[in-house]
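>>> Provided below are the primary sequence and the corresponding predicted coordinates.
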Amino acid sequence: MPVNENGRETIQAYPLQWPAGWRRIPAERRKRADFHRREAVYRQDTANPGRSVKAYDKKVSLNVADSLGRILAEMSAMGIPRQGVVISTNIPTRLNGLPYSNARVPDDPGAAVYWKHGKTTRCMAVDRYDRVADNLAAIAATLEAMRAIERHGGAAILDRAFVGFKQLMEPEQWWQVLGLKTQDATREQIQEAYIAKARENHPDIPGGDVTAMARINAARDRGLEETGVRA
């Protein structure tokens, strides 16, 4: 996981920071979702030329902007300020930290949302669907359902659920990410392990993965930092 200048772990919006320990859905098992919005279709008013009247509503697939709006609305309803939310995907972000709506469709459509709840960090991540917009929409729908549970007196249930989520989110140790057996590895061993992992996961090679490479880079940096402290 990335760290800031104070050595504290941070959560990145791009590329996707998938929660450590959460299982991924294989690409061949992802499916198309049916999340949509209603869009009005207008026709010319025959009784009043030059004017239009609503003819009917049609179903339109959600885009990234639609799904982001739903997530932020749910967060607002939960009392979570915008600055306390990180929406992480493989879509490059704008200056406000949110993904571009018209960016190229990434190979990995997974999405994760992190937010602060008191002093703890909560997360919801979905990669069941083959579009980023649909995975974001699924997160929004899940948050809406959880708010409904809380409204009906299920706050304790949610707390227990998120205790389980927190355990799933516990980060892997850097030496485990690099395939090393111990944290007492030398700088040379760390570099060798890093190179071996990079050869398998670098996004520029067939079968490479941006998210995996980001984890490997972070693990290498953390390992070299720790060996420097020990030296």
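Everything's here; your move.

>>> going forward, measure contacts between C-alpha atoms and count neighbours the same way
OK.

>>> per-domain residue ranges of the protein.
If you go by automatic domain parsing, the domain ranges for the chain are 64-169, 174-230.

>>> and the ones you listed as a markdown table, adding mean neighbour count and distance to L16?
Output for the domains of the chain, formatted as a markdown table (neighbours: other C-alpha atoms under 10 Å; distance: least, C-alpha to C-alpha, whole Å):
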| stretch | mean neighbour count | distance to L16 |
| --- | --- | --- |
| domain 64-169 | 17 | 4 |
| domain 174-230 | 16 | 6 |
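
>>> Now render the ones you listed as CSV, adding mean pLDDT and distance to A47.
Below are the domains of the chain laid out as CSV (pLDDT from 0 to 100; distance: least, C-alpha to C-alpha, whole Å):
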stretch, mean pLDDT, distance to A47
domain 64-169, 83, 35
domain 174-230, 84, 58
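
>>> I'd like those as CSV, with distance to R43 appended.
Below are the domains of the chain laid out as CSV (distance: least, C-alpha to C-alpha, whole Å):
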stretch, distance to R43
domain 64-169, 25
domain 174-230, 47
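
>>> quick one, which of the ones you listed is nearest to E28?
With C-alpha to C-alpha, the closest approach to E28 among the domains of the chain belongs to domain 64-169: 9.4 Å.

>>> Tell me the secondary structure of the residue most central in space within the chain, please.
Central residue of the chain (C-alpha atoms, centre = their mean): A112, 2.1 Å from the mean position. At A112, secondary structure determined by DSSP: H, G, I helix; E, B strand; the rest coil is strand.

>>> Okay, and the nearest residue to it once chain neighbours are set aside sits in which element?
Residue nearest to A112 in three dimensions, not counting chain neighbours: A125, with 4.0 Å by C-alpha to C-alpha, 6 or more residues apart in numbering. Assigned by DSSP states H and E, A125 belongs to strand 120-126.

>>> G223 now?
helix 210-230.

>>> ranges for the helices of the protein?
For the chain, the helices defined by DSSP state H occupy 64-77, 132-151, 155-169, 174-177, 187-201, 210-230.
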